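Student: Sequence unavailable; structure follows:
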């Protein structure tokens with residue numbers, strides 16, 4: 001899901017600092033200026049929200065809503081550092097496995113006091129298999145009780161797959177395992193203000209993971225076994241602790257946020273944020289030019305024209321993002337992709353320099369590795385990438401028994417519908433594969449939420465185009481979360497025991513060679529063509545000159561409580 005931008009402090013240094021200094025109480029910088037309760041900031045969403053539930057969010061567009069309405073223990077600041085949010089401070093045990101958080105005085109937007117028990121319930125709720133969170137397995141799995149539960153669930157899944165257990169027995173056993181988890185979740189409220197979280201083993205990235213919404217607090221009225229879908233009737237349930245409240249939602253059209261006067265942190269400068277849902281690039285730009293938006297993305301096809309414009313050229317905000325876009329062959333479903341030579345052939349067949357020019361007008365960065373340059377441990381220019389070589393691509397495909405003189409191949413390529421950039425990218429890849437490999441590629445545009453759901457199921461899409469924006473600044477968020485064979489976010493069936501072993505060691509190491517291990521893993525994934533990286537991201541925005549205080553870091557636009565409208 002997720003979450004983008006500049007080169008940041010290496011996380012190894014950060015984790016060593018946290019281990020040495022047992023508390024960290026730094027707050028994000030607070031800009032000056034008075035509140036503007038009558039002012040409205042007109043913003044945008046590129047797709048309708050997929051959920052109003054922090055435990056369920058997995059896409060960047062929805063995150064723009066969630067991060068303004070809800071909050072958690074810690075957060076990222078503009079430098080990409082983990083700093084205090086609802087936690088006033090924290091201590092880490094000498095063995096780096098126990099985290100003790102002391103909470104600030106805070107309430108939900110309706111005035112209900114927030115206690116440590118609310119955090120326990122919220123995280124345990126996210127772990128509930130009935131809720132079926134698509135992200136809890138990735139972001140809460142280091143917690144001792146949940147780690148044990150996931151192991152039990154894995155055994156039950158295996159038994160069910162081997163037909164050694166009936167569906168009814170499986171359901172009962174899973175319910176019993178979750179009941180045991182609720183009794184000893186690895187999360188404990190010592191008192192109203194003291195929360196203790198115990199890990200199975202040290203995890204240098206753990207505090208960074210706590211910045212993700214899965215670990216955020218939800219109101220006691222929210223059901224434990226039913227997610228808050230993005231529907232108008234659920235607005236009243238989405239009572240958070242963030243700088244804004246969810247005021248209204250017009251299905252698929254507009255989200256309205258209101259300033260939360262009970263927010264424990266820096267009070268929002270504007271009274272209202274209106275987020276209109278506009279999926280078309282050209283329509284977003286037109287809305288900005290027509291005064292409907294105060295801030296909007298720049299379509300890549302219009303970038304050069306906008307930059308050259310006497311007025312809009314002065315309103316451009318652009319910066320690199322911690323994001324990788326990729327083309328994935330699904331080894332779970334499309335059998336030819338299980339041959340590494342086939343995957344390598346696809347990687348060699350795509351000219352990424354040309355792709356960047358044709359699809360993105362040169363506004364992105366051709367990607368040959370997995371890790372964006374702003375992520376510690378990234379190989380960057382040192383990666384031995386599978387660079388464009390049409391002849392080599394054909395030869396590898398022939399060696400695998402396909403293409404000229406071999407079996408013909410047909411592939412369905414699924415991508416985001418109603419988005420000009422996604423359409424151009426799909427058409428470019430279709431052309432490259434048909435020209436360089438002789439493969440018939442059928443294009444399959446799919447509505448955004450359906451695409452996410454289908455890719456989550458792992459056995460429905462032969463190939464697809466997606467991207468990943470950093471949820472926290474650490475190589476673990478890309479390599480382990482996306483490509484480890486046991487990761488729920490491994491949507492493509494990539495598996496390599498050596499790759500997994502490197503990550504298992506690096507993920508729980510506090511030694512100086514941690515980043516070197518990740519670099520080794522990155523190279524292995526690239527050589528294996530686990531999937532084909534296409535571009536690293538760059539954000540392109542237009543911001544009206546009367547808008548100030550928009551904050552961002554390598555993961556994206558931060559909560560909007562610092563924005564001012566000075567018309």
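Tutor: On my side now, so go ahead. No experiment lies behind these values; they were computed from the predicted model shown. Numbering: from 1, shown residues only.
Student: in the stretch 151-300 of the chain, which ranges drop under the pLDDT threshold?
Tutor: Along the stretch 151-300 of the chain, the model assigns pLDDT under 70 to no residue.
Student: What's the per-residue pLDDT of the residue sitting furthest away from the middle of the chain here?
Tutor: Distance from the C-alpha centroid of the chain, by Cα atoms, centre = their mean, peaks at residue 405 (42.2 Å). Note on residue 405: pLDDT of 84.
Student: what do you get for residue 22?
Tutor: 42.
Student: Please report how far the residue farthest from the centre of the chain lies from residue 438.
Tutor: 10 Å (Cβ to Cβ, to the nearest Å). The way it works is simple: take the backbone N, C-alpha and C, and place the C-beta from them, glycine included.
Student: before we move on, what about residue 187?
Tutor: In terms of Cβ to Cβ, residue 187 sits 55 Å off from residue 438.
Student: Same check on residue 52?
Tutor: Taking Cβ to Cβ, one finds residue 52 at 47 Å from residue 438.
Student: Please point out which parts of stretch 139-150 sit buried.
Tutor: Within stretch 139-150, the residues that count as buried by 16 or more other Cβ atoms under 10 Å are 139, 140, 141, 142, 143, 144, 145, 146, 148, 149, 150.
Student: Stretch 405-425 now?
Tutor: Those buried within stretch 405-425 under the rule 16+ other Cβ under 10 Å are 409, 411-416, 419, 421-425.
Student: ok, now stretch 217-233?
Tutor: Buried residues in stretch 217-233, counted by 16+ other Cβ under 10 Å: 217, 218, 219, 222, 227, 228, 230.
Student: Stretch 352-364 too?
Tutor: Neighbour counts over stretch 352-364 (16+ other Cβ under 10 Å) mark 352, 355, 356, 358, 359, 360, 361, 363, 364 as buried.
Student: before we move on, what about stretch 271-289?
Tutor: So stretch 271-289, judged by 16+ other Cβ under 10 Å, has buried residues 271-279, 281, 284-285, 287-288.
Student: for stretch 296-305, same thing?
Tutor: Within stretch 296-305, the residues that count as buried by 16+ other Cβ under 10 Å are 296, 297, 298, 299, 300, 301, 302, 303.
Student: quick one: contacts of it?
Tutor: With Cβ atoms under 8 Å, 6 or more residues apart in numbering as the test, stretch 296-305 has contacts from 44, 46, 281-282, 284-285, 287-288, 306, 316, 318, 359-361, 363-364, 420-421, 539-542.
Student: Out of the residues you listed, list just those in strands.
Tutor: 44, 316, 318, 539, 540, 541, 542 (DSSP state E).
Student: TSV please, covering these and showing neighbour count.
Tutor: Formatted as TSV, the ones in strands among the contacts of stretch 296-305 follow (neighbours: other Cβ atoms under 10 Å):
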residue	neighbour count
44	22
316	15
318	15
539	19
540	23
541	17
542	24
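Student: Dump the residues you listed to a markdown table, plus distance to residue 565 and pLDDT.
Tutor: As requested, those are exported to a markdown table (distance: Cβ to Cβ, whole Å; pLDDT from 0 to 100):
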| residue | distance to residue 565 | pLDDT |
| --- | --- | --- |
| 44 | 15 | 95 |
| 316 | 19 | 96 |
| 318 | 22 | 92 |
| 539 | 21 | 92 |
| 540 | 22 | 94 |
| 541 | 16 | 96 |
| 542 | 15 | 97 |
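Student: can I get the residues you listed in TSV with distance to residue 550?
Tutor: Listed next are these as TSV, based on distance: Cβ to Cβ, whole Å:
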residue	distance to residue 550
44	13
316	13
318	13
539	11
540	14
541	8
542	11
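Student: Surely residue 424 and residue 359 touch.
Tutor: Yes: using Cβ atoms under 8 Å, residue 424 is in contact with residue 359, at 4.8 Å.
Student: can you list contacts of the strand or helix carrying residue 395?
Tutor: Assigned by DSSP states H and E, residue 395 belongs to helix 390-399. Residues from elsewhere that reach helix 390-399, judged by Cβ under 8 Å, 6+ apart: 341-342, 344-349, 403-406, 435-438.
Student: and the end-to-end length of stretch 347-362?
Tutor: For stretch 347-362, the first-to-last residue distance is 20 Å (Cα to Cα, to the nearest Å).
Student: Off-centre distance for it?
Tutor: With Cα atoms, centre = their mean, to the nearest Å as the basis, stretch 347-362 stands 24 Å off its chain's centre.
Student: And the average pLDDT for that stretch is what?
Tutor: 96.
Student: Identify the bridge partners of residue 402.
Tutor: Residue 402 forms beta bridges with residue 407, as assigned by DSSP bridges.
Student: Once you drop chain neighbours, what's closest to residue 67?
Tutor: Leaving aside its chain neighbours, residue 67 sits nearest to residue 559 (5.4 Å; criterion: Cβ to Cβ, 6 or more residues apart in numbering).
Student: For the one you found, give me its contacts.
Tutor: 67, 68, 242, 243, 551.
Student: about what we covered before: from the ones in strands among the contacts of stretch 296-305, pick the one nearest residue 255.
Tutor: residue 44 (10.1 Å; Cβ to Cβ).
Student: And stretch 490-498, how far out from the chain middle?
Tutor: Distance of stretch 490-498 from the chain centroid (Cα atoms, centre = their mean) equals 19 Å.
Student: In that stretch, which residues are buried?
Tutor: Across stretch 490-498, burial judged by 16+ other Cβ under 10 Å covers 490, 491, 492, 493, 494, 495, 496.
Student: hang on, the earlier thing: in helices, which of the buried residues of stretch 352-364 appear?
Tutor: Of the buried residues of stretch 352-364, the ones assigned to helices by DSSP state H are 352, 355, 356, 358, 359, 360.
Student: Pick the one among those closest to residue 265.
Tutor: The shortest approach to residue 265 among these belongs to residue 360, at 36.6 Å (Cβ to Cβ).
Student: Does the closest one touch residue 537 like I think?
Tutor: No: with contacts counted by Cβ under 8 Å, residue 360 stays clear of residue 537, the gap being 9.8 Å.
Student: ends of stretch 406-418, how far apart?
Tutor: 36 Å.
Student: same check, this time on stretch 404-424
Tutor: 27 Å.
Student: again with stretch 399-418
Tutor: 38 Å.
Student: what does stretch 44-52 give?
Tutor: Span of stretch 44-52 from end to end, Cα to Cα: 17 Å.
Student: likewise stretch 125-138?
Tutor: OK, stretch 125-138 end separation, Cα to Cα: 15 Å.
Student: same thing with stretch 151-169?
Tutor: OK, stretch 151-169 end separation, Cα to Cα: 17 Å.
Student: which residues touch it?
Tutor: 129, 170, 173, 174, 177.
Student: what's the closest of those to residue 378?
Tutor: Of the contacts of stretch 151-169, the one sitting nearest to residue 378 (Cβ to Cβ) turns out to be residue 129, at 35.0 Å.
Student: got a list of what the closest one touches?
Tutor: Residues near residue 129 by Cβ under 8 Å, 6+ apart: 153, 174, 178.
Student: how about a markdown table for these, with neighbour count, secondary structure and distance to residue 81 added?
Tutor: Converted to a markdown table, the contacts of residue 129 look like this (neighbours: other Cβ atoms under 10 Å; DSSP: H, G, I helix; E, B strand; the rest coil; distance: Cβ to Cβ, whole Å):
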| residue | neighbour count | secondary structure | distance to residue 81 |
| --- | --- | --- | --- |
| 153 | 18 | helix | 34 |
| 174 | 18 | helix | 39 |
| 178 | 19 | helix | 35 |
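Student: Okay then, goodbye and thanks.
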